[in-house]
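Asker: Starting from these lines, generate the structure:
(chains A, B, C and D)
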Protein chains: 4
Amino acid sequence: MIIALKKEIRKEEREKLISWLESYGVKTHISEGEFQTVIGLVGDTTRIDTDLISGLEIVQSVTRISEPFKKANRKFHPDDTVIRVTDEVAFGGGCFQIIAGPCSVESEDQVETIARAVKKSGAGMLRGGAFKPRTSPYDFQGLHGEGIRILLEVKRRTGMPVITEIMDIAHLPLFEQVDVIQVGARNMQNFELLKELGRIDKPILLKRGLANNMKELLMSAEYIMAGGNEQVILCERGVRTFETYTRNTLDLSAVAVLHELSHLPVVVDPSHATGAARYVKPMAMAAAACGADGLMIEVHNDPPHALCDGPQSLTPEQFDDVVGAVRKVRAAIA
Amino acid sequence: MIIALKKEIRKEEREKLISWLESYGVKTHISEGEFQTVIGLVGDTTRIDTDLISGLEIVQSVTRISEPFKKANRKFHPDDTVIRVTDEVAFGGGCFQIIAGPCSVESEDQVETIARAVKKSGAGMLRGGAFKPRTSPYDFQGLHGEGIRILLEVKRRTGMPVITEIMDIAHLPLFEQVDVIQVGARNMQNFELLKELGRIDKPILLKRGLANNMKELLMSAEYIMAGGNEQVILCERGVRTFETYTRNTLDLSAVAVLHELSHLPVVVDPSHATGAARYVKPMAMAAAACGADGLMIEVHNDPPHALCDGPQSLTPEQFDDVVGAVRKVRAAIA
Amino acid sequence: MIIALKKEIRKEEREKLISWLESYGVKTHISEGEFQTVIGLVGDTTRIDTDLISGLEIVQSVTRISEPFKKANRKFHPDDTVIRVTDEVAFGGGCFQIIAGPCSVESEDQVETIARAVKKSGAGMLRGGAFKPRTSPYDFQGLHGEGIRILLEVKRRTGMPVITEIMDIAHLPLFEQVDVIQVGARNMQNFELLKELGRIDKPILLKRGLANNMKELLMSAEYIMAGGNEQVILCERGVRTFETYTRNTLDLSAVAVLHELSHLPVVVDPSHATGAARYVKPMAMAAAACGADGLMIEVHNDPPHALCDGPQSLTPEQFDDVVGAVRKVRAAIA
Amino acid sequence: MIIALKKEIRKEEREKLISWLESYGVKTHISEGEFQTVIGLVGDTTRIDTDLISGLEIVQSVTRISEPFKKANRKFHPDDTVIRVTDEVAFGGGCFQIIAGPCSVESEDQVETIARAVKKSGAGMLRGGAFKPRTSPYDFQGLHGEGIRILLEVKRRTGMPVITEIMDIAHLPLFEQVDVIQVGARNMQNFELLKELGRIDKPILLKRGLANNMKELLMSAEYIMAGGNEQVILCERGVRTFETYTRNTLDLSAVAVLHELSHLPVVVDPSHATGAARYVKPMAMAAAACGADGLMIEVHNDPPHALCDGPQSLTPEQFDDVVGAVRKVRAAIA
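Answerer: Residues are numbered from 1 along each chain as shown, chains lettered A, B, ... in the order given. Below you'll find the model as predicted:
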């Protein structure tokens, strides 16, 4: 961290700042120029709040050289983290998984039919929403506990591990048998929820917020990891832009950047990002080509007849085609 | 709501859709053109999920004519809602209040000193953070229960009603004596929290999310109101843009737009929006000029010496100057 | 400017960089820490390209301490620039002007009627588009040369100075009698146009681009000023955000920030920013309250009957009401 | 197009609107509901200005069903357009090309060395900037006419067709021997330039603006095509988001969406989008995987020693590696 001080500050003020900085266990190196004094900080600066320093009257600018995240940082953990959900299902370090299933859990029949179909096509994990974050209080909010019960029953019957979204700490007991807990985009900075998930021993799939950058995503991963739970899977699901033909804009450069900055696996969700079934295949292929550790894809068993089918869900047949194309891309780049 | 169907759809599909729509209690009016069939919906369409309809294969486009919010809608509640916090302190319907206080509660002394100063200048309500949403898990997170205890003690001594931010439902019992509960920008779409706050009988100040539009803000207000708690104060606190000289971009047109669409009072927070003390005065004056029902301003008693003082806090003297200027503007437009 | 070098770089590389930096006429100050070498630059760094430096293999980060603009910078020109259009009409340094007129010039009658009305209400300057930037090639593109002829004829009859938008250098000869030339938001970074306008002796009103920040706006002003034409009026007209109830989001904090950073006058255009006539009055009042040096407002003589009247134009009566309200605000803050 | 009228409008107003609409050659179909009147428009509505209609007092909402672009629209031109630059070099309809070369033309030696290297690796076309759009007037602006002379000399020696950026109509005569003219992101809505390029007979590569959506990109293509020049290559080069680890955010879903909406070829520029050489390879592979018709990649012959080398340029060796990886991906998806 480099702190540039303003001109004409009194020596006592400067020394007060330095002794405060050193109380964090970092070393300081002062460089007095003709016009400017620059303080260099060496050591672990993650615990130093740059907002606080840049707010000081005597400070002109603060530049962080090292990243503010530590446990999620590849610098301190050079090898890829591999997150093992079951003996067969793992993410990262060369392990690639496709998570598939309906947007919302509707019935046991629906979930089981989809689960059997996507498993046959090659999906390793089953998804399905029991708690649904909806913009309107009048829209369908999910089956809640009953939805989780259905997922677990289908897990028992098919052997597929399951992932589903949590929206509040109070619901945590319902997730005990769930294999991976998902934190949705709108809760990426629900810090109390993140802290609580840092205290459990279960993989967390953390989705990037709609208008959050990658540093913020990694800081949210850091919240979970700082609590002791280092099993975090990062998920790129599109960011808000001015584009209207797609629901959000899928940021595939996030795969390369997050792999460089962090050792955590990165999964891509092309269904939510594009909001349209017909764009899922090209985006899934592109995600595989740039090195994603997995995909999360919405599949519905009966889209043309079901009224509550979203425009972004594939049929099992379409999903099978996507899996085939993704495999070809992965084989080519291996 | 107007639904345009695609060409060449089968009659049964169309009728299936219509009977499903009518099951929501709305009337449909079908217009068959040479090239296009258009369905008009009349009645209360708030419960109809447009995403769901636009996802149907047979649908070309869906246009909502009326707003999806109802209880927050001025159309159904033409008069301004006045939210009475105490006998003296109210927001809306011509009542204007300034909320002031430190970003974080640090000590009883600090809060009391600031409270006495801002009260003297004309602030009607005291703010202070006990739970702090911070991007980094290593930054100061607030004094939690002890912070609320301090706020309530200062309330007892000064007679000022208090507002503080909630970050999780589980903390709700701590807020029993708090006068107004604040929902921060990052929790604007924490729907489980909003639902819970809809079940209590206490004013809620709801801050607009960093990348959320006004429809989403009003839908979040609707979540609280749908639960039975209609005492919602909307708060504009800046949105994320590409600007870097200010922390966020204060959207003052929100005051005019929200007043048109809703009967709820609108408060403006120039401190968080700009992130710089020197911009608070002009933005506070502008907010008053365009009809805001209140202001929320950060004040710290000893900015130059306190290390944890943010760049956006005013001194009590600066605050006094801002209040004077705001009063002049309000007098001019009365 | 502060340049932090990477660890373990060879001495020759460092010296090569330093001698290159010094060839720009700046002094360098090297601070060698245990882990890091930091180079401080003192002098005029505006000519040093930070992108170029940060691209070098040996460089870890570059932080600009001073702003990259010079002629537009208040630091080197502490007093407000006053831009005198005529003996009576000036912007900046306490001089406040309202520019009013139709979006597009349609006919001599239309423009003269509006000009006489707005002049009576207190507008100091007449606006009207002759060249219209339209997203679609099939939309009305303006009357071009004939539009400018009409404007100049109305100027002759009413004595009002005129402002109109230029879209291409090739049209410059048509603007000889125009008092102020406007550069629209979409041309804010049309650098060849800016350079050419830097060679003439006439005030330029430079609109902020739809997704540009203030540093970029000031750099575009610098393009004009670097060529020798220092008569630049900055104009805030809203930026692109995710909001949909307003066309763009008016950034009034730009008035305070630009006044701090630059000596140039700042005018606000509430008509284009909001895109709705009913929001023009509150936003005009807010702009006056925070210190704008002028307003630019669309007025049309016959909105309810004219088919090509935009939703953002005021009637002359509404305009008169806005001027009255703006005057009250300005009197209050004087 | 569907126009919903407000309640309680007079019959004459409605008929005035209808006869005006029909003057554009479209048929209208009126549907009178109990609460609302809806006008459906059938025929070519591209020439109807929706802004103008939605501004009318009597109109509640306007929904465009068909796209506002016509010549760029796949609906009216189902087959892919193939743009032939030379006998060997074509874009679209299965033809894939890599354009490579330095950011700026510096010298004949530099350009020739790079050209020979990238040609050997498989690039079909040479790029190099002669006119450089720079945010600061003090940054290097390119060699202008001399830059184009160098490009054409290297074209003569190597046989590679060349592409370079135009910034102003006045420079057009210099581009006579250039094979493809590039319109940069900042000029995507420089409508006068687009109109002029519509009058020539030469392929235009049109880059998407930094904050523009795909409809706006296609409308800008329409400007060129409406003038008679239908040889437009669309180029995705990243959009502005809140991300800071990459310069812009590459929107690869644009490839799929633009291919669906338009018959024009789509090229991807991963160098400018990411701003970092190390992200070019994964993004180039992803672009190939999702069906891009070409890539545009910056290559510099001597990055570690050249001071004006940008962080986004590859060495010829790195470029060779990227081409190999892209070929594997293309072979896999063929």
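Asker: which residue ranges form the strands in the stretch 51-200 of chain A?
Answerer: Assigned by DSSP state E, counting those that start in this stretch, the stretch 51-200 of chain A shows strands spanning A:59-63, A:83-84, A:90-91, A:97-101, A:125-127, A:162-166, A:180-183.
Asker: Output those strands in a markdown table; the columns should cover distance to residue D:183, mean neighbour count and mean pLDDT.
Answerer: For glycine as for every other residue, the C-beta is placed from the backbone atoms N, C-alpha and C. Compiled in a markdown table, those are given as follows (distance: least, CB to CB, whole Å; neighbours: other CB atoms under 10 Å in any protein chain shown; pLDDT from 0 to 100):
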| stretch | distance to residue D:183 | mean neighbour count | mean pLDDT |
| --- | --- | --- | --- |
| strand A:59-63 | 36 | 19 | 83 |
| strand A:83-84 | 46 | 18 | 98 |
| strand A:90-91 | 42 | 24 | 98 |
| strand A:97-101 | 40 | 27 | 98 |
| strand A:125-127 | 43 | 28 | 98 |
| strand A:162-166 | 44 | 24 | 98 |
| strand A:180-183 | 42 | 23 | 98 |
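Asker: For chain C, which of these is the nearest?
Answerer: Each of the strands of the stretch 51-200 of chain A has some distance to chain C by CB to the nearest CB; the shortest is strand A:59-63, at 4.6 Å.
Asker: near chain B at all, the closest one?
Answerer: No: no part of strand A:59-63 sits near chain B under the criterion CB under 8 Å from any CB of the partner chain; the closest distance found is 9.2 Å.
Asker: ok, now stretch A:229-249?
Answerer: Yes: using CB under 8 Å from any CB, we find that stretch A:229-249 touches chain B at residue A:240.
Asker: and that stretch, which residues are buried?
Answerer: Across stretch A:229-249, burial judged by 16 or more other CB atoms under 10 Å in any protein chain shown covers A:229-243, A:245-249.
Asker: Please apply the same query to stretch A:168-179.
Answerer: Using 16+ other CB under 10 Å as the test for burial, stretch A:168-179 gives A:168-169, A:171-172, A:174-175, A:178-179.
Asker: now swap in stretch A:80-95 and tell me
Answerer: For stretch A:80-95, a neighbour-count test (16+ other CB under 10 Å) marks A:80-81, A:83, A:85, A:89-92, A:95 as buried.
Asker: Pull the residues that contact that stretch.
Answerer: The set of residues that contact stretch A:80-95 without belonging to it, under CB atoms under 8 Å, 6 or more residues apart in numbering or on different chains, is A:79, A:97, A:124-125, A:161, A:179-180, A:203, A:230-233, A:263-265, A:267, A:293-294.
Asker: Equivalent analysis for stretch A:12-24, please.
Answerer: By CB under 8 Å, 6+ apart, the residues outside stretch A:12-24 that reach it are A:3, A:5, A:28, A:30, A:37, A:39, A:41, A:45, A:47-48, A:56, A:58-59, B:307.
Asker: cool, stretch A:246-253 as well?
Answerer: A:210, A:236-241, A:243, A:268, A:270, A:272-276, A:279, A:283, A:286-287, A:290, A:312, D:239, D:241, D:243, D:246, D:249-253, D:257, D:273-274, D:279, D:282-283, D:286.
Asker: Residue A:233: what secondary structure?
Answerer: Classification of residue A:233 by DSSP: H, G, I helix; E, B strand; the rest coil places it in strand.
Asker: For chain A, just list every one of the helices.
Answerer: If DSSP state H is used as the criterion, the helices of chain A fall at A:11-22, A:50-54, A:108-121, A:145-158, A:191-197, A:214-226, A:253-261, A:270-274, A:280-289, A:316-333.
Asker: With mean neighbour count and mean pLDDT added, can I get these in a markdown table?
Answerer: Written out in a markdown table, the entries for these read as follows (neighbours: other CB atoms under 10 Å in any protein chain shown; pLDDT from 0 to 100):
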| stretch | mean neighbour count | mean pLDDT |
| --- | --- | --- |
| helix A:11-22 | 14 | 86 |
| helix A:50-54 | 18 | 77 |
| helix A:108-121 | 19 | 97 |
| helix A:145-158 | 18 | 98 |
| helix A:191-197 | 23 | 97 |
| helix A:214-226 | 25 | 97 |
| helix A:253-261 | 23 | 97 |
| helix A:270-274 | 26 | 95 |
| helix A:280-289 | 28 | 98 |
| helix A:316-333 | 18 | 96 |
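Asker: between the ones you listed, which gets nearest to residue B:106?
Answerer: Between residue B:106 and these, the shortest gap by CB to CB is with helix A:50-54, which sits at 12.6 Å.
Asker: Is the closest one in proximity to chain B?
Answerer: Yes: against chain B, helix A:50-54 shows contacts by CB under 8 Å from any CB at A:51-52, A:54.
Asker: CSV please, covering these and showing distance to residue C:326.
Answerer: Compiled in CSV, those are given as follows (distance: CB to CB, whole Å):
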residue, distance to residue C:326
A:51, 37
A:52, 40
A:54, 36
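Asker: I am finished for the moment; much appreciated.
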